[in-house]
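[1] have a look at this prediction, sequence included:
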Amino acid sequence: MMTGRLQTRPGRVFGTLAALATVAFLAACNESGSNQGQSAPPPPPVTVASPLVEKITEWDEFTGRYEATARVEVRARVSGYLQSINFADGATVKQGDVLFVIDPRPYQATVDSAKADLNSAEARLDLAKVQLDRASSLVAQSNVSRSAYDQAVQERRAAEAAVAQTTAALQSAQLNLDFTQVKAPMAGRVSNRRVDIGNLVTGDPSSTLLTTIVALDPIYFEFDMSEADYLAYQRAVVAGKLPSTRDNQTIIQTRLPDEQDWPHAGTMNFVDNQLDPGSGTIRARAILDNKDLFITPGQFGRIRLPGSNEYEAILVPDSAILTDQSNRIVMTVKDDGTVEPKMIRPGPTQPGGLRIVRDGLTGQEKVIINGLVRARPGAKVTAQPGKIEARPEYEAN
């Protein structure tokens with residue numbers, strides 16, 4: 001019995017080992033066949049392009065308001081009843097146009113009376129001259145006393161003074177008569193009438209406001225500049241990189257809120273003499289043409305000033321720039337397809353969604369402009385050529 005069991009156990013063990021070996025061999029064959037049929041995936045695709053290099057001028061933008069170059073309150077200078085109004089509310093007027101007429105009859109009567117007084121004074125002066133000439137000839141012949149001659153001299157002087165006095169009275173009366181016609185002191189757009197016909201208006205000192213006029217061409221654009229911006233401009237002027245904003249040579253461009261381009265051009269013509277300590281800003285002003293009178297004083301707008309002279313700049317899409325803590329980087333692809341990050345110093349954004357790169361790029365690199373989520377530093381990628389260009393949809397931003 002013992003001998004039979006000892007003989008059968010090794011046979012069973014051998015059979016089990018053979019079966020396991022067969023399974024292992026088949027599994028190895030399957031694994032080898034699977035590895036041979038499955039290849040490694042290709043590197044992920046990305047779009048690359050060389051930075052755009054072109055001549056540009058950097059601009060600094062500010063928000064401000066258009067203002068009239070002159071504003072006048074038209075007031076009555078003499079008292080009387082308003083007789084006529086010779087303009088339409090909101091119309092454009094020329095310098096010298098008669099806007100209002102105050103009843104001139106009382107002032108015309110004063111002028112006529114002053115003219116009569118002047119004629120009387122001139123007649124007395126003529127008589128005094130004749131009497132003085134006669135006295136002069138008689139006193140030379142000792143036919144009249146010296147005192148009579150002196151009296152004739154004094155009468156002539158008194159007559160001359162009377163003529164001068166009545167002449168001044170006539171001029172004053174004529175001036176008041178002229179003031180009954182209220183004329184436009186300058187060309188511009190007139191506001192609405194503040195007094196209707198038939199009302200009594202008063203002159204100085206509490207003169208009645210009749211209307212207002214604002215000058216439209218040229219027109220001002222006023223804005224506030226921060227202390228940092230002002231200091232940067234001063235540094236650039238001292239270094240000779242920019243013209244002074246105070247010498248009327250700095251070219252500016254403006255636009256209204258609904259305009260995308262910068263159609264209005266002018267020059268800087270004023271910078272205030274001190275900063276506002278409360279806001280830390282300084283008031284500046286530009287002047288520009290308004291030939292078609294399209295711009296109305298009081299409208300908001302945007303102004304841009306050149307922040308540099310024209311130079312060749314390296315531009316990349318703003319979307320291609322990544323932020324790594326406090327650093328800005330762009331992903332580039334080397335010739336062997338390896339992703340290499342490059343630290344840059346970006347400048348201001350330009351129209352079209354492009355950003356100036358002040359330092360970090362030479363313009364010859366292959367910058368990843370699409371597919372950044374598939375790019376990892378040091379990893380391989382498949383570079384597909386693209387092109388950097390401004391996108392029109394960014395013009396309004």
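    Nice, I can see it. Numbering: from 1, shown residues only.
[2] could you list the domains of this structure?
    Structural domains annotated on the chain: 46-57+311-394, 59-69+216-306, 105-179, as defined by automatic domain parsing.
[3] want to try TSV for the ones you listed, with mean neighbour count as columns?
    Where you see a C-beta, it was placed from the backbone N, CA and C, and this is true even at glycine. TSV is the format used below for these (neighbours: other Cβ atoms under 10 Å):
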stretch	mean neighbour count
domain 46-57+311-394	16
domain 59-69+216-306	16
domain 105-179	15
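[4] of all those, which one comes closest to Leu209?
    domain 105-179 (15.3 Å; Cβ to Cβ).
[5] ok so, going back, out of the domains of the chain, flag the one nearest Asp204.
    Evaluated with Cβ to Cβ, the domains of the chain place domain 105-179 nearest to Asp204, the distance being 9.9 Å.
[6] longest strand in this structure, by residue count?
    When the chain is parsed with DSSP state E, its longest strand is strand 339-350.
[7] partner strands of that strand and their direction?
    According to DSSP bridges, the neighbouring strands of strand 339-350, each with its direction, are strand 327-333 (antiparallel), strand 354-359 (antiparallel).
[8] which stretches of the stretch 201-350 of the chain form strands?
    Assigned by DSSP state E, counting those that start in this stretch, the stretch 201-350 of the chain shows strands spanning 209-214, 219-226, 251-255, 264-271, 281-288, 300-306, 311-317, 322-324, 327-333, 339-350.
[9] tell me where the stretch 101-250 of the chain has helices.
    Assigned by DSSP state H, counting those that start in this stretch, the helices in the stretch 101-250 of the chain fall at 105-140, 146-179, 227-238.
[10] dump those into JSON lines; add mean pLDDT and distance to Arg189 as well.
    Below are those laid out as JSON lines (pLDDT from 0 to 100; distance: least, Cβ to Cβ, whole Å):
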{"stretch": "helix 105-140", "mean pLDDT": "85", "distance to Arg189": "30"}
{"stretch": "helix 146-179", "mean pLDDT": "87", "distance to Arg189": "23"}
{"stretch": "helix 227-238", "mean pLDDT": "86", "distance to Arg189": "33"}
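[11] mind giving me a markdown table with those helices and columns for distance to Gln299?
    Conversion of the helices of the stretch 101-250 of the chain to a markdown table gives the following (distance: least, Cβ to Cβ, whole Å):
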| stretch | distance to Gln299 |
| --- | --- |
| helix 105-140 | 42 |
| helix 146-179 | 35 |
| helix 227-238 | 23 |
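[12] closest one to Ala390 among these?
    Each of these has some distance to Ala390 by Cβ to Cβ; the shortest is helix 227-238, at 25.3 Å.
[13] hmm, who's touching the closest one?
    60, 225, 242-245, 275, 280-282, 305, 307-308 (Cβ atoms under 8 Å, 6 or more residues apart in numbering).
[14] how about stretch 80-90?
    Applying Cβ under 8 Å, 6+ apart, the set of residues contacting stretch 80-90 is 93, 97-104, 106-107, 180, 189-193, 195-201.
[15] 6 Å instead, please
    Counting by Cβ atoms under 6 Å, 6 or more residues apart in numbering, the neighbours of stretch 80-90 from elsewhere in the structure are 98-103, 190, 192-193, 195, 197, 199-201.
[16] return the members of the residues you listed classed as buried.
    Buried by 16 or more other Cβ atoms under 10 Å: 99-103, 190, 193, 195, 201, out of those.
[17] farthest pair in those residues?
    Pairwise distances among the buried ones among the contacts of stretch 80-90 were taken by Cβ to Cβ; the largest, 21.7 Å, belongs to Asp103 and Val190.
[18] hmm, back to that, can you redo the strands paired with strand 339-350 as CSV with mean pLDDT and distance to Gln253?
    Output for the strands paired with strand 339-350, formatted as CSV (pLDDT from 0 to 100; distance: least, Cβ to Cβ, whole Å):
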stretch, mean pLDDT, distance to Gln253
strand 327-333, 89, 29
strand 354-359, 86, 19
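[19] of all those strands, which one is nearest Gln131?
    Comparison of those against Gln131 by Cβ to Cβ identifies strand 354-359 as nearest, at 93.9 Å.
[20] now Val111, nearest residue through space, not along the chain?
    Nearest residue to Val111, sequence neighbours excluded (Cβ to Cβ, 6 or more residues apart in numbering): Ala173, at 4.4 Å.
[21] can you pull the contacts of the residue most central in space within the chain?
    A centroid search over the chain (Cα atoms, centre = their mean) returns Ile303, at 2.9 Å, as the residue closest to the centre. By Cβ under 6 Å, 6+ apart, the contact set of Ile303 is 62, 64, 221, 223, 252, 254.
[22] from Phe223, how far off is the residue lying closest to it once chain neighbours are set aside?
    The shortest distance from Ile303 to any residue other than its chain neighbours is 4.7 Å, reached at Thr254 (Cβ to Cβ, 6+ apart). Separation of Thr254 from Phe223 (Cβ to Cβ, to the nearest Å) stands at 10 Å.
[23] go on, Pro45?
    When distance is defined by Cβ to Cβ, Pro45 is 48 Å away from Phe223.
[24] that's all I had, so thanks and see you.
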